[in-house]
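*Asks:* task: produce atomic coordinates for the following.
(2 chains)
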Amino acid sequence: MADSTPAQKPYRELTPEAFIFGIGLGMLMTAAFVYISLKLGFSMPGSTVAAILGFAVLRGVLRKGTIVENNINQTIASAVNNASAGVAFTLPALFILSLNDPSVRIEFIPALLAAIGGSFLGIIFIIPLRKQMIEFDRLKFPTGIAVAAILKAPGAAARQAKLLAGGFGVAAAFHVLTALHVIPEEYPMGVWLGLPAHIPIAVGISFAIVGAGLLAGKGGLPFVFGGMLAWWVVSPIAVGQGWVPSPEDMRLAGEPEGYGAWSTMGVVFSQMLRPLGIGILIGGALSGVIASFPAIKAAVGSLSKAAAMAKAGGSSDELSPKVLYTGIGGSVVVLFLAAMLSADEISVGQSLLIAVVGTVWLALAGLVVAQATGMTDISPISGMSLIGVTLMFFLSGGSAVASIVLGIAVSIGIGQCADMMIDLKAGHLVGALPRRQQLAQLAVGWVGVPVAIGVVYLLWNTEGFGPLNPNLSAPQGTALAAVIGGLQQGAAPLDKYVAGAVVGLGLGIFPISGAAVLVGLAMYLPFYITLTYGVGCFAAMGLQRVKGSRWIGSTLVPVAAGFIIGEALTNLFMVLGKLAVGYLTVGGA
Amino acid sequence: MKGLGIAILALGVGICAAFGARQTPEMFEYTVIGGRAMFLGGAETAAKDAYCEARAQAKLAVADGCPDPEAKHHTADKDEAAPAEPKAEPTLESLVARRRAELATLRDGSEARQATTELAALRTAWLDAKEAAIEPTAQAELAKPQAPGERLSGWMSQSGGWFLLGLLLVVAGAVVGRVAVRKEIEAAGAPGDAGVLDPSQILGSLLEEIRALHQDMLGKATPTSDDFDRFKDAIDVLLIDKVQPLVEARASLQHRWGLAGFAAVFSPFSAGERRLNRAWSALVDSHWPEACASAERAVQDLQTANAELADLGKAA
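*Replies:* Residues are numbered from 1 along each chain as shown, chains lettered A, B, ... in the order given. Now for the predicted structure:
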């Protein structure tokens, strides 16, 4: 640490260096992660990468970066990068559908408008919930804790730095071993015990998931309970009662190869549990809004008070509600224009309805995703986007184009909700001013959109993706195109969504905050993820009892943060390495 | 009693989830049709793969739709993928008849006379699997899922009764749970009793310690690097020993003070905590003026929190 002379310049936070580096890094990550999403079907959050690189450049190279300045850098970079997942998971579906349906027209402007509108709405809607989620509910946001651990590394005690590095090393090592298939990633203990496929007991080697469970502790138990309910109660009942077609029902001679996997994942999971889980998420979100409405109202009120105080010469940590109301109004107009321009058959009335309903759905889904991310570090963005696309499909009278274009808005918007909350959590832990983070995110949230859309257009016109190119199979876009195809045939599991929503509303009465969201999320995910998370929860609970809270804060938290960072970064470098090797090999041939 | 509430809730959620997941008879039939087509189609594909592999090993000419082992990977062109001209909607009979005719052509074709008995057997197995799959795959292509509205009404008439029973148990379990939690808090004792967290005592002591810390900082005109470390460590201790216990007790505080009262106290308390974190960061970054200013704001925020808590006490 420096010697006795205090610095005279203002404390660096919102600086040009943080903006320029954050935007540049964000754009680079956006382009890379769009490509990875089209190739592998998953994207990566940018916060941990940006925090580490910001540390290296702002503090190491420029030798003047502060902790809160690096926080702004990672806020900006992740806000820009957020467009990569939202665009890569939805827009490719439009291109894929156009192959078999000449009426599907791909228009750049509506997609751009929808994505930008969704981005602003997502950030704006979640801002008033900062107090509720971060200060009152104290949701963990494990990635936010991990990012804060990186940001605070310069001041951490040597012991904590070693624990962070140790956790990083363990997670990285195991991730490499599983990626290279030296050890299996999933351990199907149920199979070893002779249990049928529809009663799974499996854990995965994922220290990121274990780390999230360690940080959640007892609070994550409803998530584990939801998984047990789904796979140890509902699944055996469904199969035992004959609700899942047997080989005899299908008039097959004996049990064919693959029947276990089909009945479990293809029927029980995909047709029963997953849509039910989505319904419970929606019901849980509605009950959460009802329960916390007084607090949300108070939060919006406090924004007005803070704005009045700022006007009277004081300072405010919060953005003025005028900014929020203006932003919401403007974004709804942008969504309206996107809907109008997306397809000729969409009327003015339909466009208005789509814009308003899409906005309301984005707000509710953003709440669900932010809560789920806060409690488990897992974001059900694809499930919530799927509902958004389904809603838009019916409101637009069956227009695939309009539903996907507005689906882009929902997907990006809810991604921004989760990202903003993660960043604000990290900010709370390092003492950042929320207003500055929110302003930074609002200023740059749209920047990644033209980059992401541009990369998709470029790849389509050069290499092709989806059915045109098995090297860029665009699995998420292909899946969404299949869903649209199903919707065009009338396949929407409305019964599951409604049943789940009613269960979610009922669960909201129970005095465990977020229980419905956790149970719904557990049903929505494969069981080995839930059980692996449960290992972390139970370990944390046991350690708390034996070692006490102080030990948890000083030892377990840095280790768990190291797990999350280690796996995320190792995954990123391995994927980039594979892509580089593949590119060089093809280029060499 | 809380355990009883959880047990009733769990039973209710289990019943709701099980019957909520149940498909209508029409969707069950749709799944049967799709499953049968998938497995029989898969058997046909496996049989064809075995036959084509045998042909390739025997170095026979490419035929019967087997892939050319010498051909490079083909990336489809967008024009190739363009749809054919729209035709009239086929019926099951027309689809099946067309495919049976194609099959008959294959059975009678020149490749029927194979070089070896083994190849002939593999070809026959493939064509038999293809025949078995004709009707199921045609049925699957033409099948349509039940419309969403009909699914909902069908599900309600089939499973609604059990679902409602489960829902009643969910509500009952939730209510029992809420009553149990309220009684737990009341039984725990008043703040200040043995073993019960006294938020006013903790908040008061936190305010005093931060105030003392701030005064100490103001007294240092030229702080040394030891001073930076010392104040940083002092903030760490405050965060763990005073802030964290209040954070962990928030659920019981919320029950005790109500949502509005809790928000009135916890909002400035959290702001003060954030200012302490900012002071810590500023100390690590060697920015003494910011560290002092943040500590001062933390004092102000905690004063507000203490005042709100005192008002709550008066109102009670």
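*Asks:* can you tell me which residues contact the residue of chain A found nearest chain B?
*Replies:* Using CB to the nearest CB, A:Gly431 is the residue of chain A that sits closest to chain B, at 2.5 Å. Bear in mind the C-beta positions are built from the backbone N, C-alpha and C, glycine included. Contact analysis of A:Gly431 by CB atoms under 8 Å, 6 or more residues apart in numbering or on different chains lists A:67-68, B:274-282, B:294.
*Asks:* now A:Thr555
*Replies:* A:Thr555 makes contact with A:163, A:547 under the criterion CB under 8 Å, 6+ apart.
*Asks:* make sure it is indeed in a strand.
*Replies:* No - checked against DSSP: H, G, I helix; E, B strand; the rest coil, A:Thr555 lies outside a strand; its state is helix.
*Asks:* which of the contacts of A:Gly431 has the most neighbours?
*Replies:* Within the contacts of A:Gly431, most neighbours by other CB atoms under 10 Å in any protein chain shown means B:Ser281, with 31 neighbours.
*Asks:* pLDDT wise, what is that residue at?
*Replies:* Looking at B:Ser281, its pLDDT reads 96.
*Asks:* so how far is B:Ala279 from the residue of chain A closest to chain B?
*Replies:* For A:Gly431, the distance to B:Ala279 equals 7 Å [CB to CB, to the nearest Å].
*Asks:* now do the shared contacts for the two.
*Replies:* Contacts common to A:Gly431 and B:Ala279, judged by CB under 8 Å, 6+ apart, are B:Ser294.
*Asks:* mind listing the helices for chain B?
*Replies:* In chain B, the helices defined using DSSP state H lie at B:2-21, B:25-57, B:92-108, B:117-142, B:148-188, B:199-218, B:225-238, B:244-248, B:250-284, B:288-315.
*Asks:* who in the stretch 201-350 of chain A is up against chain B?
*Replies:* Counting by CB under 8 Å from any CB of the partner chain, the stretch 201-350 of chain A comes close to chain B at A:225, A:229-230, A:233-234, A:237-238, A:241, A:243, A:245, A:249-252, A:256, A:258-259, A:262, A:266-268, A:271-273, A:276, A:279, A:292, A:294-295, A:298, A:302, A:317.
*Asks:* buried subset of those residues?
*Replies:* The neighbour count (16 or more other CB atoms under 10 Å in any protein chain shown) marks A:225, A:229-230, A:233-234, A:237-238, A:243, A:245, A:250, A:252, A:256, A:259, A:262, A:266-268, A:271-273, A:276, A:279, A:292, A:295, A:298, A:302, A:317 as buried among these.
*Asks:* OK, contacts around B:Arg55?
*Replies:* B:62-64, B:66, B:119.
*Asks:* ignore what I typed, I meant B:Leu203.
*Replies:* Taking CB under 8 Å, 6+ apart, we find B:Leu203 in contact with B:246, B:265, B:269, B:302, B:305-306, B:309.
*Asks:* pretty sure B:Met1 contacts B:Ala187?
*Replies:* No - with contacts counted by CB atoms under 8 Å, B:Met1 stays clear of B:Ala187, the gap being 10.7 Å.
*Asks:* give me the more crowded residue out of those two.
*Replies:* Using other CB under 10 Å as the criterion, B:Met1 and B:Ala187 rank with B:Met1 on top: 12 against 7.
*Asks:* quick one, what contacts the more buried one?
*Replies:* Applying CB under 8 Å, 6+ apart, we find B:Met1 in contact with B:176, B:179-180, B:183.
*Asks:* and the pLDDT for it?
*Replies:* pLDDT for B:Met1: 81.
*Asks:* next one: the one 10 residues further on
*Replies:* Confidence per residue is given as pLDDT, and for B:Leu11 that number is 91.
*Asks:* can you check A:Gly504 too?
*Replies:* In this prediction, A:Gly504 has a pLDDT value of 90.
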